[in-house]
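K.L.:
okay, here's the prediction I keep looking at, along with the sequence it came from:
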Amino acid sequence: MMKHFVGILVFVIVFSLTALFFYRGLPLTMGWFEKELPTCVEQGFGEGCENGSDKPIAPGKVNRVLNVAANNENAHIFDSWEVIDTDRVKYTSARLYTAHGVYTINIFPASVTYLYRPYGQEWSNYTWADHGMDGEVDFGLVSDIMDKEARRFDIDFKIGSEYKPLYQKLYDRHLSAMIAELDRR
C-alpha cells in the first residue's frame, strides 16, 4: 500500500513540474522559452499608447467629432475642409492642426477614416477606420503601407487581430485629442 502511495506521489510531482515547465517555460534562470512581448511603444503606437481605452468608444463621443466635421457651417473651425466627389463616392475631408500633429478626418456615407501625421513626418504615421461609426476600430495601420514591418489590422480580412486592442487605444486617445482641439477653437 505504501509503495502505491509513493508511486502516486512521485507521479503527481513529476506531472506538476512538467505542466509548470510547459505552461511557464523553463525556469527563470534558464529562460529559453520565455519571450517578453514588445510594449505598444516598441511596436510603434506612440508615446502614451497605454493611455487610451481598448473598449469601444461611446458613439456619442464619435458623433461629437463627426457632426462638427461633416457640417459645412463649421468649415471655418478646420484648417482645411472640403467635400470630395469621386466617380464612386462622395465624402467630406476635414484637416485639423494640433500642437502635436495633423489629423485628417474623412467621413464617408457609412464609415470614417482618420489619419494622423506627427509634425516632422512626411506621411501619415497612423491610419485607422471605424466602418460603422460605432466607436469600434475596424482597420488600422501604423507606418507607411509599403513598410514590410507595418502592423496592419483589418477586421474584414481577419488580419492582425492581435493589434486590435492597440488600435482601439489609439482611436480613443486621438479622438480625445481631436475633441480637445475642437473645444479649444
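P.N.:
Sure thing, it's come through. Owing to the predicted nature of the structure, the values given are computational and were not obtained by experimental measurement. Numbers count the residues shown, from 1 in each chain.
K.L.:
in this structure, which helix or strand is least confident?
P.N.:
Among the helical and strand segments of the chain, the one scoring lowest on mean pLDDT, DSSP states H and E is helix 2-24, with a mean of 54.
K.L.:
please enumerate the helices of the protein.
P.N.:
2-24, 59-70, 164-184 (DSSP state H).
K.L.:
what's the closest residue to residue 83 other than its chain neighbours in contact with, if anything?
P.N.:
With sequence-adjacent residues excluded and distances taken as Cβ to Cβ, 6 or more residues apart in numbering, residue 83 is closest to residue 92, at 5.4 Å. Using the backbone N, CA and C atoms, a C-beta is placed for each residue, glycine as well. With contact taken as Cβ atoms under 8 Å, 6 or more residues apart in numbering, residue 92 is in contact with 69, 70, 81, 82, 83, 84, 105, 106, 107.
K.L.:
just among those, which is most surrounded?
P.N.:
Per-residue neighbour counts (other Cβ atoms under 10 Å) across the contacts of residue 92 peak at residue 69, which has 24 neighbours.
K.L.:
that residue is in contact with residue 78, isn't it?
P.N.:
Yes. The criterion here is Cβ atoms under 8 Å, and residue 69 meets it with residue 78 at 7.1 Å.
K.L.:
what's the overlap in contacts for these two?
P.N.:
Common neighbours of residue 69 and residue 78 (criterion: Cβ under 8 Å, 6+ apart): residue 94.
K.L.:
neighbours around residue 91, how many?
P.N.:
By other Cβ under 10 Å, 17 other residues sit near residue 91.
K.L.:
my guess is it contacts residue 110. True?
P.N.:
No. With contact defined as Cβ under 8 Å, residue 91 does not reach residue 110; the gap is 10.6 Å.
K.L.:
so what's residue 168 up against?
P.N.:
For residue 168, the contacting residues are 52, 53, 54, 55, 56, 136, 137, by Cβ under 8 Å, 6+ apart.
K.L.:
can you dump the C-alpha atoms of stretch 161-168 in PDB for me?
P.N.:
Taking Å, rounded to 0.1, in the frame of the first residue of the first chain, the C-alpha atoms of stretch 161-168 are listed here in PDB:
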ATOM      1  CA  SER A 161      -6.300  40.700 -34.800                       C
ATOM      2  CA  GLU A 162      -3.600  40.900 -32.100                       C
ATOM      3  CA  TYR A 163      -3.300  44.600 -32.800                       C
ATOM      4  CA  LYS A 164      -7.000  45.400 -32.400                       C
ATOM      5  CA  PRO A 165      -6.700  46.500 -28.700                       C
ATOM      6  CA  LEU A 166      -3.800  48.700 -29.500                       C
ATOM      7  CA  TYR A 167      -5.700  50.400 -32.400                       C
ATOM      8  CA  GLN A 168      -8.700  50.800 -30.200                       C
END
